[in-house]
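**Q** No sequence on hand, only this structure:
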């Protein structure tokens, strides 16, 4: 089936949103923890985590101005701090529930039943139940003028994970931890490993 | 195990690259097809596909200046056209092999054993074997000054996929097509569905 640009534009709005979001494929589900300047903890699921570089260690997140993520963005801009948390598959309903449009003075940890955890010297809340917890510092905020989205660029301040997940070559075995991944607006998955391959060099297969 | 920023900075380079790349989690593996102004087809695997918006339908890709992706970026800037191709799991070795540093005048389709496919009026090559083929037009090129990476922003021109993959609500069932996903620099996976959830509204679980 071939679908043209004008057909996508003429799709019913909810159908189009679901189609384009799910077409973008599978991605890491990440719970982003922040605290407002008034001290209210916030937790929101994102599926737009991007690896930007390893040295310095930089990750990106996309924030749309009209989305539930706007409180997250406001808090990050106010405090410069946020956390990235990966949870196991059995938390998928709680993770999804953070996407509801709660008011800014509502603590989503309490609403969905996940626990806040803090480390000394860092203000943003971690998800206690998460298997990977990353403390992030805001480094840049880049506008994408075409559709008023924002690329949040952050550096890793510190992180916590089980040492058994880290291989001798530095590879973090997230599949062993059964971390949750997502597709589109509402679909959740874990992964089946196929294999790891050696560094590719130019030659005929 | 807690790891601090200075420890990451002091990791051995290849270890650090593997650690940070794999820490960023699972993502859609996408083969990006381009053609140089001299007419040479290019194919390179990316793991940085980003959903930027549904209306207009915009996807992003991250390109690092020192990576194998530089030929892809050069071709996109020269021609304004590129394709996104998702392949099934059985093509994972060929997909990975496109990450080798072939010279710019080498056609990676030929080198790895995948077939070029074209549609009328669009210059960039599709992967004939792909289950999802998306024609993209360059819309913007956004610099991330912190580490000299580029966010390539493109709009969907047209796309091809099996109609059986598209649900009544617009959801594209990529898990049914067993499309390849990746983690880090060298690990490949398919997914296990957990479930889809209704649109979340603010209430206690």
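**A** Yep, it's here. In this text, all values refer to a predicted model and were calculated from it rather than measured experimentally.
**Q** Retrieve the pLDDT associated with the residue lying closest to residue A:99 once chain neighbours are set aside.
**A** Of all residues not flanking residue A:99 in the chain, residue B:200 sits nearest, at 4.6 Å (Cβ to Cβ, 6 or more residues apart in numbering or on different chains). C-beta here means a position set from N, CA and C on the backbone, and glycine is covered the same way. Per-residue pLDDT puts residue B:200 at 92.
**Q** With residue A:67 instead?
**A** Confidence score, pLDDT, at residue A:67: 66.
**Q** can you check residue A:140 too?
**A** Residue A:140 is assigned 98 on the pLDDT scale.
**Q** ok so it is a helix residue?
**A** No: assigned with DSSP: H, G, I helix; E, B strand; the rest coil, residue A:140 falls outside any helix and is strand.
**Q** For the residue nearest the centre of chain A, give the beta-bridge partners.
**A** With distances taken as Cα atoms, centre = their mean, the residue of chain A nearest its centroid is residue A:30 (3.1 Å). Assessed by DSSP bridges, residue A:30 has beta-bridge partners residue A:46.
**Q** which residues does it contact?
**A** By Cβ atoms under 8 Å, 6 or more residues apart in numbering or on different chains, residue A:30 lies in contact with A:45, A:46, A:47, A:49, A:61, A:84, A:85, A:86, B:25.
**Q** okay, those residues in JSON lines with distance to residue B:125, neighbour count and pLDDT next?
**A** Formatted as JSON lines, the contacts of residue A:30 follow (distance: Cβ to Cβ, whole Å; neighbours: other Cβ atoms under 10 Å in any protein chain shown; pLDDT from 0 to 100):
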{"residue": "A:45", "distance to residue B:125": "36", "neighbour count": "25", "pLDDT": "96"}
{"residue": "A:46", "distance to residue B:125": "33", "neighbour count": "23", "pLDDT": "95"}
{"residue": "A:47", "distance to residue B:125": "29", "neighbour count": "23", "pLDDT": "93"}
{"residue": "A:49", "distance to residue B:125": "30", "neighbour count": "23", "pLDDT": "97"}
{"residue": "A:61", "distance to residue B:125": "32", "neighbour count": "24", "pLDDT": "97"}
{"residue": "A:84", "distance to residue B:125": "36", "neighbour count": "28", "pLDDT": "98"}
{"residue": "A:85", "distance to residue B:125": "40", "neighbour count": "27", "pLDDT": "98"}
{"residue": "A:86", "distance to residue B:125": "36", "neighbour count": "27", "pLDDT": "98"}
{"residue": "B:25", "distance to residue B:125": "29", "neighbour count": "23", "pLDDT": "98"}
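**Q** For residue A:42, which residues count as its bridge partners?
**A** Bridge pairing for residue A:42 - DSSP bridges - gives residue A:34.
**Q** From residue A:199, how far out is it?
**A** Distance, residue A:42 to residue A:199, using Cβ to Cβ, to the nearest Å: 41 Å.
**Q** And residue A:175, by the same measure?
**A** From residue A:175 to residue A:199 the distance is 20 Å (Cβ to Cβ).
**Q** neighbour-wise, which of the two wins?
**A** residue A:175 (17 against 10; other Cβ atoms under 10 Å in any protein chain shown).
**Q** Give the buried residues for stretch A:24-37.
**A** Judged by neighbour count using 16 or more other Cβ atoms under 10 Å in any protein chain shown, the buried positions of stretch A:24-37 are A:24-36.
**Q** again, but for stretch A:38-45
**A** A:40, A:41, A:42, A:43, A:44, A:45.
**Q** Make sure residue A:9 is indeed in a helix.
**A** Yes: counting by three-state DSSP, residue A:9 is located in a helix.
**Q** rewinding a little: which pLDDT value goes with the residue nearest to the centre of chain A?
**A** pLDDT at residue A:30 comes out at 98.
**Q** in stretch A:186-197, what's buried?
**A** Within stretch A:186-197, the residues that qualify as buried are A:186, A:187, A:188, A:189, A:190, A:191, A:194, A:197, counting by 16+ other Cβ under 10 Å.
**Q** which residues sit in contact with the third one?
**A** Neighbour list for residue A:188: A:29, A:89, A:92, A:95-96, A:180-182, B:193-197 [criterion: Cβ under 8 Å, 6+ apart].
**Q** Fine by me, we can end here.
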